[in-house]
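A.B. asks: I'd like to go over a predicted model; first the sequence, then the structure.
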Amino acid sequence: MGISKTLAGLLLAMPLPTLAAGAIPQRGELEKKAFEDSIGGYRLKPPKDWVTVPVSPEARQEGLALQMEDGARLLRVVLVDSPDEFSEWVKRVSAELTRLFNPEPSEKVEAFQLDRPELDEQQEISALPVHHRRWLAKIRYPGGAPADAWIDTWFFAREQDKIGLVFTVSEGDKFARSWLDAFERSAKSLQIFEPSPVVGSGAGASYAERLEAARAEAERTPGWRVVATPSEKFILTTSSDNQKFVDEVIDRLERSRQVFEEDYPPPADFRHVSIVRLCGTEEEFHRYGKTGGGVMGWFNPDSTELVLFDAKDIDRNMSYAVMTHEAFHQYCHFLFGRSEAHRWFDEGHGDYYGGMKFSERGKPKITARMPGGLERLTGIRELIQSGTHAPLADHLNFDHEQWQTQGPGNTSCYEESWSIVYMLRQGMLGEVNPKVWRPEYARILPSYIETLRKGFAAAYEEARRKQAEQAAEAAAAAPAELDSDDLGEETVRRIWKEALDASWGKIDLARFEEDWKLYVKKYLKD
């Protein structure tokens, strides 16, 4: 899964995107039609032509209801329980603003002085008491040019979720004063109403209920829609208006899942519905994930969301390859009960399936080549030829950070894992030359995954038992879902070790390493 446990992506060598700003400076105009959030229970007129950025599931849980941007101009609407919680959001937005001005983020930046507003007043809007504060934030960091920015906030003391608005604009903006006036008009346009009930989409929800919940969520971001899939194993949220491309994505997702399930059959009670967010443009993709160039897609284990974009301006085949790669991570996450395997298994299989070629119909064909900058075969041959690959005893046992940084290049880890998995899976299909294939190799992957699944299942059962006991003592409800964080690092590492012992521990690893190197150099065909 590539970047980290919370943001796992496929990396490429690409230029960083530039910060998008409004093409024509505006003088603080507002939209004529109010934006309405039925779940949040409010409506307001936002700044005109600002881009609405979807809110991630994690940020939504933390209270972020709406985010709009126009370069360094920002709007954040948050739903909070208290003024103190809103103050924390103001600090977060100030840090976000600092990152926008600072091309090389540093911890040595001037702290935002929350207790020193330029303006501090009480108003009444929509029959609600409102606390209005404004700061001129000093953006200072080593080696950077000084930059000042206005942070304008409005806190509505509603009886249920309080509503907080945070606006920002650079003090050097030609129309800064006009924007500050517009922010006030926007705040004064806010109206409240009874929120719509939140549609349930938990573990026991039906596909129809999950679909309804996804559509209610998509309505909170103009320009986004939800698409169901024939298998009812995916829900696609997209901003793309290219229906042919969306249909192709769905077809490839469905057929990829069939291959995953054939190779690694799910248990009988496997009912997971995969959430996929398909951004219409690369710029939109980077805005959503706050990522830079080189990231083509990711699977987020915390939100269980797969995030992609249409790489039509780069190579759409790369979109498809990354989609399949990350879709395997998503499938595997739930196959192990919201847990993960070693990096060699996860990333090796992601690239293995990322090399699938699709015809108009029928089962996709596994190949040894992925498109563009994702191709691994050339790299692993160079590593083995130069002797710079990591010894298998190390590579197989690496934790996430060790795996990612094993070198000598930033894709070496992917190349080595891909070639190991490719040999094992092709050997199980009878496609590896007998000179480098031995019968015991066929049991490595089945034994590994069987031990891993049983280990996680037993650990979760024990964790649920303990939590149920604690909940009973406290007269509270036990958590609905657990993930590997609830098991603890020691338990996860124990399960990983048991899986390695039951698979790789049953063969002569030194002999396999020699067979593997010879296979890559001589017998692995394009």
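C.D. replies: Happy to help now that I have it. What you see is a predicted model, and the numbers here were worked out from it, not measured in a lab. Numbers count the residues shown, from 1 in each chain.
A.B. asks: ok, residue 398 - contacts?
C.D. replies: Residue 398 sits next to 342-344, 390, 406 when contact means CB atoms under 8 Å, 6 or more residues apart in numbering. All C-beta atoms are positioned from the backbone trio N, CA, C, and that covers glycine.
A.B. asks: which one of the residues you listed sits closest to residue 173?
C.D. replies: Nearest to residue 173 out of the contacts of residue 398 is residue 343 (CB to CB; 45.0 Å).
A.B. asks: burial check on that closest one, number of neighbours?
C.D. replies: 23 (other CB atoms under 10 Å).
A.B. asks: that one touches residue 417, doesn't it?
C.D. replies: Yes: here residue 343 reaches residue 417: they are 6.8 Å apart, a contact under CB atoms under 8 Å.
A.B. asks: overlap in contacts, those two.
C.D. replies: The contact sets of residue 343 and residue 417 overlap at residue 403 (CB under 8 Å, 6+ apart).
A.B. asks: check the gap between residue 42 and residue 48 for me.
C.D. replies: Separation of residue 42 from residue 48 (CB to CB, to the nearest Å): 19 Å.
A.B. asks: neighbour-wise, which of those two wins?
C.D. replies: Taking other CB under 10 Å, residue 42 and residue 48 do not tie; residue 42 has more neighbours (25 against 15).
A.B. asks: pull the longest helix from the protein.
C.D. replies: helix 444-474 (DSSP state H).
A.B. asks: helix or strand right after that one?
C.D. replies: Using DSSP states H and E, the helix or strand that follows helix 444-474 in sequence is helix 484-487.
A.B. asks: find the centremost residue of the protein, please.
C.D. replies: Nearest to the geometric centre of the chain sits residue 300, at 3.6 Å (CA atoms, centre = their mean).
A.B. asks: just read off the phi/psi values of that residue.
C.D. replies: Note on residue 300: backbone dihedrals following degrees, to the nearest 10 are phi -100, psi 110.
A.B. asks: quick check: bridge partners of it?
C.D. replies: In this structure, residue 300 bridges to residue 305 when assessed by DSSP bridges.
A.B. asks: outline the domain layout of the protein.
C.D. replies: Domain ranges of the chain: 1-28+197-330, 40-192, per automatic domain parsing.
A.B. asks: and these, which one averages the lowest pLDDT?
C.D. replies: Lowest mean pLDDT within the domains of the chain: domain 1-28+197-330, at a mean of 83.
A.B. asks: pull out the buried positions in stretch 33-51.
C.D. replies: 35, 37, 39-47, 50-51 (16 or more other CB atoms under 10 Å).
A.B. asks: so which of these sit within helices?
C.D. replies: Among those, the subset assigned to helices under DSSP H is empty.
A.B. asks: need the max-distance pair from these.
C.D. replies: Farthest pair in these, by CB to CB: 41 and 51, 23.8 Å.
A.B. asks: tell me the SS of the residue lying farthest from the centre of the chain?
C.D. replies: The outermost residue of the chain relative to its centre, with distances by CA atoms, centre = their mean, is residue 435 at 42.2 Å. Assigned with DSSP: H, G, I helix; E, B strand; the rest coil, residue 435 falls in the coil class.
A.B. asks: same list, the contacts of residue 398, but as TSV with pLDDT please.
C.D. replies: TSV is the format used below for those (pLDDT from 0 to 100):
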residue	pLDDT
342	96
343	96
344	98
390	97
406	96
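A.B. asks: now intersect these with the helices, please.
C.D. replies: Going by DSSP H, the helices hold 343-344 from the contacts of residue 398.
A.B. asks: can I get the domains of the chain in JSON lines including distance to residue 384?
C.D. replies: Listed next are the domains of the chain as JSON lines, based on distance: least, CB to CB, whole Å:
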{"stretch": "domain 1-28+197-330", "distance to residue 384": "22"}
{"stretch": "domain 40-192", "distance to residue 384": "36"}
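A.B. asks: now the helices for the stretch 251-400 of the chain?
C.D. replies: 282-289, 316-335, 343-354, 377-386, 392-395, 400-404 (DSSP state H, counting those that start in this stretch).
A.B. asks: out of those helices, which is closest to residue 447?
C.D. replies: Nearest of those to residue 447, taken as CB to CB: helix 343-354 at 12.2 Å.
A.B. asks: which residues sit against that closest one?
C.D. replies: 1-2, 10, 256, 259-260, 321-322, 324-329, 332, 340, 366, 370, 374, 376, 395-396, 398-400, 403-404, 413-414, 416-422, 425, 448-449.
A.B. asks: how about 6 Å then?
C.D. replies: Under the contact criterion CB atoms under 6 Å, 6 or more residues apart in numbering, helix 343-354 has outside partners 1, 321, 324-325, 328-329, 370, 376, 396, 400, 403, 414, 417-418, 420-422.
A.B. asks: in JSON lines: the helices of the stretch 251-400 of the chain, plus distance to residue 265.
C.D. replies: Shown next, in JSON lines, are the helices of the stretch 251-400 of the chain (distance: least, CB to CB, whole Å):
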{"stretch": "helix 282-289", "distance to residue 265": "32"}
{"stretch": "helix 316-335", "distance to residue 265": "9"}
{"stretch": "helix 343-354", "distance to residue 265": "15"}
{"stretch": "helix 377-386", "distance to residue 265": "29"}
{"stretch": "helix 392-395", "distance to residue 265": "27"}
{"stretch": "helix 400-404", "distance to residue 265": "27"}
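A.B. asks: winner for burial among these?
C.D. replies: helix 343-354 (a mean of 26; mean count of other CB atoms under 10 Å).
A.B. asks: now that one and helix 444-474, what's the angle there?
C.D. replies: 120 degrees (axes from the mean of the first three to the mean of the last three CA atoms, to 10 degrees).
A.B. asks: what angle separates helix 343-354 from helix 316-335?
C.D. replies: Put simply, helix 343-354 runs at 130 degrees to helix 316-335, going by the same axes, to 10 degrees.
A.B. asks: distance between helix 343-354 and the chain's centre?
C.D. replies: Offset of helix 343-354 from its chain centre (CA atoms, centre = their mean, to the nearest Å): 17 Å.
A.B. asks: buried ones in stretch 502-517?
C.D. replies: Quick answer for stretch 502-517 (16+ other CB under 10 Å): 502-504, 512-513, 515-517.
A.B. asks: tell me who's in contact with residue 131.
C.D. replies: Residue 131 neighbours (CB under 6 Å, 6+ apart): residue 155.
A.B. asks: redo that, cut-off 10 Å
C.D. replies: 83, 86, 120-123, 153-157, 162, 164 (CB atoms under 10 Å, 6 or more residues apart in numbering).
A.B. asks: how far away is residue 101 from residue 140?
C.D. replies: 10 Å.
A.B. asks: those two: who's more crowded?
C.D. replies: Higher neighbour count among residue 101 and residue 140: residue 101, with 20 against 17, using other CB under 10 Å.
A.B. asks: tally of neighbours for residue 312?
C.D. replies: Using other CB under 10 Å: residue 312 sits among 14 other residues.
A.B. asks: quick one: it and residue 242 touch, right?
C.D. replies: Yes: the criterion here is CB atoms under 10 Å, and residue 312 meets it with residue 242 at 8.1 Å.
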